[in-house]
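Asks: I'd like to go over a predicted model; first the sequence, then the structure.
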Amino acid sequence: MSEIKAADVAKLRKQTGAGMMDCKKALVESNGDFDGAIDILRKKGQKVAAKRAERHASEGVAITKINSEKTSGVAIVLACETDFVAKNDSFKELASKFADIALECSDKEELLSAKFEGTSVSEKLIEQTGVIGEKIEISEFERLDADFVGSYTHGIKIAVLVGLDSPIAKADQLTKDIAMQVASMGATTLSYKDFDLSFIESETQARIAVIEKENIELARLGKTLKNVPKYISRAQLTNEVLESAEAQAKKELQSEGKPEKIWDRIIPGKMQRFILDNTTLDQEQCLLDQIFIKDDKINVDQYIKSYGDVKISGFKRVSLG
């Protein structure tokens with residue numbers, strides 16, 4: 001039997017991340033053959049991975065990487081089972097290495113098959129499952145290409161990429177602010193114009209049904225009823241709808257005895273309130289239509305326009321869970 005040197009154990013530990021005793025046992029079993037020891041540790045990882053395949057990996061690290069030209073970015077989640085592992089520096093370093101490789105990949109499948117330290121990313125995940133003893137996987141992968149790409153990461157739980165259609169001055173600040181908006185408010189699309197009308201209609205009926213059910217209970221308790229909106233998206237607010245709302249507002253002012261000469265100062269506020277009350281879907285899911293988190297007097301679209309002639313070309317968000 002070959003003598004197992006401490007230097008070989010240390011080398012194997014550095015390459016695989018496995019514990020000292022596991023590395024020594026693998027080297028003993030392989031009779032000192034370094035590559036054979038690595039293979040033994042990988043097989044151990046395969047066994048652990050098979051046992052934990054059905055486990056839910058809800059913790060981990062969300063991370064972004066952007067190329068030096070700031071024209072391409074990736075956001076990935078390296079998932080594990082416990083917060084303890086996710087906060088480990090070696091786990092975060094592994095996530096960073098995977099993200100570097102992901103920059104050269106178009107999707108998750110390509111990343112998993114990409115080369116990594118003499119093996120593949122997929123095989124490294126299995127190896128590390130054996131080392132750590134938890135299910136480990138790339139649970140999310142998003143790529144964004146644009147004239148300018150910026151990002152924001154909220155701790156280790158949420159990572160966002162934002163693309164601009166031109167590399168303007170202060171592009172870093174704009175993309176960071178918008179990425180923070182996406183991280184905080186969870187937009188799913190850019191504008192209400194992206195919605196299919198059938199989706200808006202079904203969502204409207206569903207929301208009305210929920211509020212009406214809640215109002216039954218509120219009425220039983222003698223509490224103030226919630227407003228039941230007729231609309232939930234700007235796509236539904238046609239010129240006829242807006243004209244009708246304005247006419248109703250004028251009728252209310254007249255019944256309140258407000259002088260007609262001051263109506264022009266009151267009507268805009270009432271119309272803004274009407275639009276806000278009847279675009280709840282947009283405010284939840286449409287980035288440009290959301291109230292800006294840093295200034296609740298404007299929406300995101302207005303904030304972007306303060307930077308001049310620039311548009312958001314796209315955004316991507318990944319998160320744990």
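Replies: Here it is on my side, so go on.

Asks: how about low-confidence regions in this structure?
Replies: Low-confidence segments of the chain, defined by pLDDT under 70: 1-3, 5, 9, 12, 15-20, 41-54.

Asks: make it 90
Replies: Scanning the chain with the threshold set as pLDDT under 90 gives 1-57, 117-119, 123-124, 126-135, 227-229, 276, 321.

Asks: Please enumerate the strands of it.
Replies: Secondary structure of the chain (DSSP state E): strands at 59-66, 72-80, 115-116, 119-120, 137-145, 148-154, 158-164, 291-292, 295-299, 312-319.

Asks: for these, which one sits closest to residue 258?
Replies: Residue 258 lies closest to strand 295-299 among those, at 24.6 Å (Cβ to Cβ). All C-beta atoms are positioned from the backbone trio N, CA, C, and that covers glycine.

Asks: Paired strands for the closest one, with orientation please.
Replies: strand 291-292 (antiparallel) (DSSP bridges).

Asks: closest one to residue 192 among the strands of the chain?
Replies: strand 295-299 (11.6 Å).

Asks: Put together TSV for the strands of the chain, with mean neighbour count and distance to residue 200 on each row.
Replies: Shown next, in TSV, are the strands of the chain (neighbours: other Cβ atoms under 10 Å; distance: least, Cβ to Cβ, whole Å):
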stretch	mean neighbour count	distance to residue 200
strand 59-66	24	31
strand 72-80	26	29
strand 115-116	14	45
strand 119-120	14	44
strand 137-145	20	26
strand 148-154	22	29
strand 158-164	27	25
strand 291-292	16	20
strand 295-299	12	19
strand 312-319	20	21
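
Asks: any chance of those in TSV, with distance to residue 260 too?
Replies: Shown next, in TSV, are these (distance: least, Cβ to Cβ, whole Å):
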stretch	distance to residue 260
strand 59-66	56
strand 72-80	55
strand 115-116	74
strand 119-120	75
strand 137-145	52
strand 148-154	49
strand 158-164	46
strand 291-292	32
strand 295-299	28
strand 312-319	42
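
Asks: Nearest to residue 196 among these would be which one?
Replies: Nearest of the strands of the chain (Cβ to Cβ): strand 312-319, 18.8 Å.

Asks: okay, the angle between that closest one and strand 148-154?
Replies: Compare the direction of strand 312-319 with that of strand 148-154 by axes from the mean of the first three to the mean of the last three Cα atoms, to 10 degrees and you get 30 degrees.

Asks: just to revisit the earlier point, and residue 264, which of the strands of the chain is closest to it?
Replies: Using Cβ to Cβ, the nearest of these to residue 264 is strand 295-299, at 20.6 Å.

Asks: Residues contacting stretch 192-201, please?
Replies: The contact list for stretch 192-201 (Cβ atoms under 8 Å, 6 or more residues apart in numbering) reads 189, 232, 233, 234, 235, 236, 279, 281, 282, 286, 289.

Asks: now stretch 202-221
Replies: 224, 225, 226, 227, 228, 229, 231, 232, 233, 236, 280, 281.

Asks: which stretches of this structure form helices?
Replies: In the chain, the segments counted as helices under DSSP state H are 6-16, 20-29, 34-51, 83-86, 89-102, 108-113, 121-132, 171-185, 197-220, 239-255, 263-277, 280-285, 300-305.

Asks: Which strands or helices does the fifth one pack on?
Replies: Using 3 or more Cβ pairs under 8 Å, 6 or more residues apart in numbering; DSSP states H and E as the contact test, the elements touching helix 89-102 are strand 59-66, strand 72-80, helix 108-113, strand 115-116, helix 121-132, strand 137-145.

Asks: Show me how far that helix is from its chain's centre.
Replies: A distance of 18 Å separates the centroid of the chain from that of helix 89-102, by Cα atoms, centre = their mean, to the nearest Å.

Asks: Same question for stretch 201-209.
Replies: 26 Å.

Asks: quick one on the thing from earlier: highest average neighbour count across the helices of the chain?
Replies: Across these, the average number of neighbours (mean count of other Cβ atoms under 10 Å) peaks for helix 121-132, which reaches a mean of 22.

Asks: between that one and helix 89-102, how big is the angle?
Replies: 180 degrees.

Asks: What helices and strands are in contact with helix 121-132?
Replies: Counting by 3+ Cβ pairs under 8 Å, 6+ apart, helix 121-132 packs on helix 34-51, helix 89-102, helix 108-113, strand 137-145.
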